[in-house]
Each structure stands twice: as structure tokens, then as C-alpha cells.
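J.: My questions concern the predicted model and sequence given below.
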Amino acid sequence: MLTLAIPVYNMEQYLPRCMETMLAQTCRDFEILLIDDGSTDGSGQMCDAYAANQPDFIRVVHKANGGLSSARNAGIDAAKGAYIIFPDPDDWVEPDYVEKLLEYRELYDADLVCTGYYVDTESGCVPAKRDHPPVTLTSIEAQKALLLPPQISGFAWNKLYRLDLIRENGLRFLNDVGITEDLDFAYRYLAFCGAACFAPSARTYHYFQREGAATRSSFSMRMLDSLHTYEKIIDDCRQTMPDLAQAAKDEICTTAVNLIWKYENAKMEDALTKKILLGYIRGNLPAYLRGSRYGFGRKVQAVLAGICPGLYACLKNAVQRN
């Protein structure tokens with residue numbers, strides 16, 4: 001059996017769409033675990049209503065608000081399945097979401113399975129990643145693939161994890177890594193894996209990028225904390241996987257460029273924060289410019305952001321307005 005651990009915080013508007021697709025799965029060998037993370041709207045009562053209608057299939061954990069990592073960790077503690085997935089409550093899935101994840105797990109005897117997804121906004125839906133047949137990866141290859149081709153990315157919602165590996169190795173989602181808790185968890189989990197399977201053409205998940213979501217919101221210090229994940233990857237694999245370490249440095253530079261833009265738009269006057277961001281950009285810029293992961297346009301942006309962040313923000317805002 002598999003556990004779908006869904007963290008819920010003030011999702012009254014979106015949860016019904018998510019649950020409608022979860023309840024329409026072609027495979028029913030799973031439980032739904034709703035973790036109410038101290039919601040202040042009607043989400044908690046909505047979770048209870050779902051569980052009351054199907055008590056053998058849906059369970060609810062109510063807890064004080066602790067954030068996404070805390071809610072997912074509560075799901076790890078309460079799950080009864082052999083495997084666990086962490087869908088988000090504002091997203092939705094195709095009818096074969098669970099079936100495909102289990103199918104690839106059995107077919108490739110994989111400790112981690114990652115399938116494809118769509119990116120949805122209010123204005124449309126586009127496939128993410130290019131099509132290619134399923135591939136199997138060793139644990140080291142999969143760790144590299146979090147940032148390098150075939151780039152499975154770190155998202156938790158399109159991955160199947162073995163619950164025994166998580167519990168035996170004391171793995172938890174962390175609170176001090178900003179909005180990269182998914183990437184951080186996947187990297188540490190893969191250190192204990194055998195084979196991993198990546199099937200990008202099996203698009204079964206709809207990733208809804210709503211306005212105000214954590215990954216799209218304005219500057220916050222929590223976003224700055226996200227850089228710690230890349231620093232930890234660099235420290236861990238500097239000697240053993242230099243290509244991954246360099247990719248992590250590139251991600252630090254790219255993330256810092258995005259954050260300096262958000263910082264300028266927020267009209268903040270925090271000299272230390274600005275100095276830290278510029279340090280991240282300038283410190284990683286030489287290798288970033290020599291590398292081939294990003295094109296000429298992105299490199300020009302990084303140079304401008306590192307030299308004159310105010311001008312960079314003005315120019316970027318003007319381009320976006322047009």
C-alpha cells in the first residue's frame with residue numbers, strides 16, 4: 001500500500017479539486033493522509049468531512065501550524081503505507097497518477113520513482129521537460145540528475161519514496177533551507193538508495209503556479225535560506241562529484257540574481273542582506289560565465305545584477321511590462 005500525505009494549510013479554495021482527482025484514481029491501493037497544519041479557514045473541517053465519508057480510506061492529522069516541512073514530517077510519522085508521496089493540496093493529478101508511480105517502481109525495482117508533470121497557470125497548461133523513455137539511475141547518477149541532465153528536479157509531489165528507507169535513516173524535511181526543502185530531502189534520501197527511475201513522459205501531475213505561492217512571492221529572508229541547500233551539496237560532493245558541485249554553484253548564482261531583483265522591487269534598505277546577495281553573485285560569477293549550463297542572455301543579466309542591481313531590476317521590470 002502507498003500513502004498520499006497531503007499537507008493542508010488554508011486550502012479551502014483548492015482542496016476539493018485536488019481531492020476529486022485523488023478519489024478518481026484507477027489504482028486504489030493507497031490511503032490518503034490529510035495533515036491539517038493549523039488551518040484558520042475551513043480546511044480542517046473539510047478534511048474531517050472527507051475522512052467521515054470514507055474512514056477506511058482517508059485519515060486526518062490535526063496539528064499546530066509549523067510549516068510545510070513540519071506537516072510532511074507528521075505525514076511520515078503517521079503513514080501506514082510501504083511507500084509515500086507528498087502531493088500539494090493546490091495541485092491536481094491525472095487518474096493514473098498512483099498507478100504509474102507503482103508501475104515504474106515494480107518494473108524497475110526502484111527505491112525512488114519520478115514521473116513527469118504539467119505546469120498550470122490561470123492562463124494555460126504546458127508540459128514540463130522533454131519526452132524521453134524511462135531511464136534507471138544509480139543513487140549517485142540520480143543525485144547529479146537533481147541539477148544536471150536529465151534533471152529530475154527536487155520536487156516532492158511527483159516522486160515515490162520508500163517509507164522504510166526514510167524511517168530507518170531518520171530522514172526529515174528541514175525548516176532551515178528556505179523553499180528548497182524538497183531538493184534537500186531528495187538529495188539526502190538518494191544517498192541511501194539503490195536504483196532510481198525517471199519517466200518524464202508519464203505526465204500525471206498538474207503543478208499549479210498560483211499567484212502568491214511560495215515559489216513566486218516577493219522577497220523574504222526564507223528565500224535567502226534556500227541557498228543553504230546548494231552550499232550543503234557543494235560541501236558534500238566537492239571532491240566526489242565536481243560537476244554537481246559546479247551545478248550547485250551555478251544555482252546559487254542564478255537564485256541570488258533572482259533574489260536581488262526581488263530585493264530591489266521590495267525597496268528594502270537592509271545593507272547586510274544586499275551585501276550577502278551580491279557576495280553570492282560575485283563570488284560565483286567567474287565560473288558561471290565560463291560554464292555552458294546557461295546562455296548568453298542569462299550571463300549578461302548575472303553580470304549586470306552583480307555590478308548594478310538597481311539598474312538590473314529596472315531593466316527587468318521594463319521588459320516584463322512589455
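T.: Received the coordinates, thanks.
J.: From here on, just use CA atoms for contacts and neighbour counts.
T.: Will do.
J.: ok, longest helix in this structure?
T.: Identified as the longest helix of the chain according to DSSP state H is helix 242-265.
J.: what about the helix or strand of the chain with the lowest mean pLDDT, distance to the chain center?
T.: Here the helix or strand of the chain ranked lowest by mean pLDDT, DSSP states H and E is helix 221-225, holding a mean of 87. Taking the mean of its C-alpha atoms, helix 221-225 sits 15 Å from the chain's own mean (C-alpha atoms, centre = their mean, to the nearest Å).
J.: Please apply the same query to stretch 61-73.
T.: Counting by C-alpha atoms, centre = their mean, stretch 61-73 comes out at 17 Å from the chain centroid.
J.: re earlier: what would the least confident helix or strand of the chain look like as CSV? C-alpha coordinates only.
T.: C-alpha atoms of helix 221-225 as CSV (Å, rounded to 0.1, in the frame of the first residue of the first chain):
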residue,chain,number,x,y,z
MET,A,221,14.6,36.0,4.3
ARG,A,222,13.3,32.5,4.0
MET,A,223,14.2,32.6,0.3
LEU,A,224,17.7,33.6,1.2
ASP,A,225,17.9,30.4,3.4
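J.: Tell me the buried residues in it?
T.: Within helix 221-225, the residues scored as buried using 16 or more other C-alpha atoms under 10 Å are M223, L224.
J.: and the spatially most central residue of the chain, what does it touch?
T.: By C-alpha atoms, centre = their mean, the chain has its centre lying nearest to F155, at 2.9 Å. By C-alpha atoms under 8 Å, 6 or more residues apart in numbering, F155 lies in contact with D182, L183.
J.: Please identify the helix or strand for it.
T.: Applying DSSP states H and E as the criterion places F155 outside every helix and strand.
J.: For it, give its distance to V119.
T.: 13 Å (C-alpha to C-alpha, to the nearest Å).
J.: do A5 as well
T.: A5 is 21 Å from V119, by C-alpha to C-alpha.
J.: neighbour count winner among these two?
T.: Per other C-alpha atoms under 10 Å, whichever of A5 and V119 has more neighbours is A5, with 28 against 15.
J.: Make sure the more buried one is indeed in a strand.
T.: Yes. A5 sits within a strand when classified using DSSP: H, G, I helix; E, B strand; the rest coil.
J.: Any idea what it is bridged to?
T.: Note on A5: beta-bridge partners L33, judged by DSSP bridges.
J.: is it true that G310 touches E264?
T.: Yes. Counting by C-alpha atoms under 8 Å, E264 is a contact partner of G310 at 6.3 Å.
J.: Low-confidence bits of the chain, can you list those?
T.: Within the chain, the ranges that satisfy pLDDT under 70 run 211-217.
J.: Show me which parts of the helix or strand just after the least confident helix or strand of the chain are buried, residue by residue.
T.: Sequence-wise, the next helix or strand downstream of helix 221-225 (DSSP H and E) is helix 227-237. Buried residues in helix 227-237, counted by 16+ other C-alpha under 10 Å: L227, H228, T229, Y230, I233, I234, C237.
J.: Save those residues as a markdown table, and put in distance to P134 too.
T.: Shown next, in a markdown table, are the buried residues of helix 227-237 (distance: C-alpha to C-alpha, whole Å):
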| residue | distance to P134 |
| --- | --- |
| L227 | 31 |
| H228 | 31 |
| T229 | 27 |
| Y230 | 27 |
| I233 | 26 |
| I234 | 28 |
| C237 | 26 |
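J.: Starting from P242, give me the distance back to G291.
T.: 13 Å.
J.: cool, and V98?
T.: Using C-alpha to C-alpha, which is the criterion applied here, V98 is 35 Å from P242.
J.: Looking at these two, which is more packed in?
T.: V98 (24 against 13).
J.: what kind of secondary structure is the more buried one in?
T.: With three-state DSSP as the basis, V98 sits in helix.
J.: Quick check: closest non-adjacent residue to it.
T.: Nearest residue to V98 in three dimensions, chain neighbours excluded: C27, at 6.4 Å (C-alpha to C-alpha, 6 or more residues apart in numbering).
J.: in stretch 162-180, what's buried?
T.: Applying 16+ other C-alpha under 10 Å to stretch 162-180 flags 162-163, 165-166, 171-175, 177-180 as buried.
J.: ditto for stretch 127-135
T.: Residues A128, P134 are the ones in stretch 127-135 that count as buried (16+ other C-alpha under 10 Å).
J.: picking up where we left off before, out of the buried residues of helix 227-237, flag the one nearest to K274.
T.: L227 (14.3 Å; C-alpha to C-alpha).
J.: so that closest one sits right up against V177, yeah?
T.: Yes. With contact defined as C-alpha under 8 Å, L227 reaches V177; the gap is 7.2 Å.
J.: what does stretch 290-300 contact?
T.: By C-alpha under 8 Å, 6+ apart, stretch 290-300 touches Y288, L289.
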